[in-house]
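Undergrad: Let's see this in three dimensions:
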Amino acid sequence: MSDLFGKTAQAGAADDTGKPLAERLRPRTLADVVGQPHLLGEDGVLTRMLQSGSLGSLVFWGPPGTGKTTVARLLADEGNHHFEQISAIFSGVADLKKVFESARMRATNGTKTLLFVDEIHRFNRAQQDSFLPVMEDGTITLVGATTENPSFELNAALLSRSRVLTFKAHDEDSLTALLDRAQETQGKPLPLDKEARGVIIRMADGDGRALLTLAEEAWRAARDGEVFDAKTLQEVLQRRAPIYDKGQDGHYNLISALHKAVRGSDPDAALYYLTRMFDAGEDPLFLGRRLVRMASEDIGMADPQALVIANAAKDAYDFLGSPEGELSLAQACVYLATAPKSNALYVAYKAATRTAKEAGSLPPPKHILNAPSKLMKDEGYGSGYLYDHDQPDAFSGQDYFPEKLGRQKFYEPVDRGFERDIAKRLDYWNKLRRERD
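TA: Coordinates of the predicted model:
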């Protein structure tokens with residue numbers, strides 16, 4: 001699929017009759033591309049690379065509709081390379097061998113090849129490794145495009161031979177410029193009032209190609225002289241789902257944002273990210289499980305009710321279903337965001353886990369072991385155990401750690417919420433323990 005976002009030269013416009021608007025607005029030169037000034041501006045990375053006369057292998061990382069394919073094609077034109085394009089979705093090792101052999105033939109004639117690989121992250125490790133020899137010997141200049149984080153999806157060897165360039169989603173200014181270009185090309189204004197124009201920009205979600213497709217649909221739907229308001233536009237176009245893949249970066253980015261907003265005690269931001277995920281079709285029970293996790297990780301004993309509330313909200317959604325159940329999850333989200341925060345439980349758990357793994361299988365002290373047989377009693381099992389309920393203050397102060405490990409300190413309550421009371425209680429018990437020792 002092609003990307004585009006820029007003004008188009010008027011030359012040859014007559015030949016574009018009948019083509020989709022997005023295709024007619026495809027930039028003819030790199031200077032025509034809008035929306036990526038950090039790459040193609042006067043001091044942009046690609047601008048400097050072309051000026052130096054040296055074009056190395058690249059990985060273009062960014063959301064759909066930001067110009068990755070178009071820029072790769074124009075780089076080939078301006079760098080005097082033959083442009084070859086494949087998609088990792090439809091290509092296998094046999095296809096790659098044919099492409100590499102053709103590139104070698106061109107190289108013998110003095111023609112360089114820029115190989116553009118769309119969705120390169122979909123190639124497996126062996127397929128990605130097959131690029132290395134032809135990159136190293138100069139047979140091809142590789143430009144891979146991916147919507148996924150290259151650090152996680154591409155082999156280290158491939159990344160070490162390429163430069164990763166980030167393409168940014170279009171902002172309101174660049175999308176507005178695209179609409180202006182579209183009106184110039186169409187020779188008539190968009191059939192939208194001011195508010196509807198803002199809505200169609202938001203519907204595009206930073207995707208230039210999507211914006212032009214939506215604009216073209218609006219032109220097709222409008223009767224002579226008709227101008228759509230925001231409500232009518234949404235009815236006519238239907239609503240374009242936000243960019244959100246539950247198995248990919250969009251999913252993890254929003255979950256991370258929700259978790260950090262809750263941790264940062266910002267109920268408004270937390271609600272925003274929660275509802276964005278509802279709107280994008282995320283499984284509400286997944287969000288319920290994440291809220292339960294936040295209750296233990298970021299609030300813990302500062303407000304023990306947080307776990308109860310989060311779990312109750314998850315169960316309420318399970319009981320009510322959609323759309324009624326989402327409100328319970330929203331209630332839990334706000335409760336967690338406004339609760340006192342403490343990661344003392346989380347830190348203590350991690351520290352105890354680490355010690356348990358490092359110390360090995362140490363036996364508990366014999367005085368706290370049961371002695372159901374005479375042999376075990378003779379071995380000292382249970383000898384000297386003090387039943388706490390029979391002791392003053394219901395506290396014996398005995399040591400329960402393995403003798404070879406010694407007493408450890410994992411849990412350090414903070415001076416917030418219910419943990420203030422817990423800290424006082426622990427201080428009192430420590431005082432009694434010292435006195436009885």
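
Undergrad: Please make it C-alpha for all contacts and neighbour counts, starting now.
TA: Noted.

Undergrad: is it true that I89 touches N124?
TA: No: using Cα atoms under 8 Å, I89 is not in contact with N124, being 11.0 Å away.

Undergrad: can you map out the helices along the stretch 151-300 of the chain?
TA: 156-160, 172-186, 194-204, 208-221, 230-237, 249-263, 267-279, 284-294 (DSSP state H, counting those that start in this stretch).

Undergrad: pull the CA atoms of the first one into CSV?
TA: In other words, helix 156-160. Only the C-alpha atoms of helix 156-160 are listed here, as CSV (Å, rounded to 0.1, in the frame of the first residue of the first chain):
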residue,chain,number,x,y,z
ALA,A,156,20.2,-7.3,16.2
ALA,A,157,22.5,-8.1,13.2
LEU,A,158,20.1,-6.4,10.8
LEU,A,159,19.7,-3.4,13.1
SER,A,160,23.5,-3.1,13.5
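
Undergrad: What residues sit buried inside it?
TA: Using 16 or more other Cα atoms under 10 Å as the test for burial, helix 156-160 gives L158.

Undergrad: ok, now which ones touch L179?
TA: Shown in contact with L179 (Cα atoms under 8 Å, 6 or more residues apart in numbering): 211-212, 215.

Undergrad: Likewise for N343?
TA: Here N343 is in contact with 297-300 (Cα under 8 Å, 6+ apart).

Undergrad: what's G417 sitting at in phi/psi?
TA: Per-residue torsions, G417: phi 60, psi -150 (degrees, to the nearest 10).

Undergrad: Same check on K112?
TA: phi -80, psi 150.

Undergrad: Quick check: closest non-adjacent residue to F319.
TA: G325 (7.6 Å; Cα to Cα, 6 or more residues apart in numbering).

Undergrad: what's around that neighbour, how many residues?
TA: For G325, the count of nearby residues is 19 (other Cα atoms under 10 Å).

Undergrad: what ranges do the strands span in the protein?
TA: Assigned by DSSP state E, the strands in the chain fall at 58-61, 81-87, 112-118, 141-146, 163-166.

Undergrad: picking that back up, would you check that the residue nearest to F319 makes contact with D318?
TA: Yes: counting by Cα under 8 Å, G325 touches D318, with 7.4 Å between them.

Undergrad: For my notes, please list the helices of the stretch 151-300 of the chain in TSV and give mean pLDDT and distance to P365 for each entry.
TA: Below are the helices of the stretch 151-300 of the chain laid out as TSV (pLDDT from 0 to 100; distance: least, Cα to Cα, whole Å):
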stretch	mean pLDDT	distance to P365
helix 156-160	93	49
helix 172-186	92	67
helix 194-204	88	65
helix 208-221	91	68
helix 230-237	86	70
helix 249-263	87	39
helix 267-279	93	47
helix 284-294	94	34
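
Undergrad: And these: which comes nearest A306?
TA: helix 284-294 (8.3 Å; Cα to Cα).

Undergrad: other SSEs contacting the closest one?
TA: The contact analysis (3 or more Cα pairs under 8 Å, 6 or more residues apart in numbering; DSSP states H and E) places helix 284-294 against helix 249-263, helix 305-320, helix 325-338.

Undergrad: Can you say which of the ones you listed is packed in most?
TA: Of all these, helix 325-338 has the most neighbours on average by mean count of other Cα atoms under 10 Å, namely a mean of 22.

Undergrad: Contacts for it next, please.
TA: By Cα under 8 Å, 6+ apart, helix 325-338 touches 261-268, 270-271, 274, 284, 287-288, 291, 294-295, 299, 306, 309-310, 313-314, 316-319.

Undergrad: okay if I get the strands of the chain as TSV plus distance to L329?
TA: As requested, the strands of the chain are arranged in TSV below (distance: least, Cα to Cα, whole Å):
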stretch	distance to L329
strand 58-61	34
strand 81-87	41
strand 112-118	39
strand 141-146	34
strand 163-166	35
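
Undergrad: Take those and write them to JSON lines, including mean pLDDT.
TA: Formatted as JSON lines, the strands of the chain follow (pLDDT from 0 to 100):
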{"stretch": "strand 58-61", "mean pLDDT": "95"}
{"stretch": "strand 81-87", "mean pLDDT": "95"}
{"stretch": "strand 112-118", "mean pLDDT": "95"}
{"stretch": "strand 141-146", "mean pLDDT": "95"}
{"stretch": "strand 163-166", "mean pLDDT": "94"}
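
Undergrad: Can I get the ones you listed in TSV including distance to P392 and mean neighbour count?
TA: Shown next, in TSV, are the strands of the chain (distance: least, Cα to Cα, whole Å; neighbours: other Cα atoms under 10 Å):
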stretch	distance to P392	mean neighbour count
strand 58-61	67	23
strand 81-87	76	17
strand 112-118	73	24
strand 141-146	67	26
strand 163-166	67	17
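
Undergrad: Near K350, how many other residues are there?
TA: K350 is flanked by 13 other residues according to other Cα under 10 Å.
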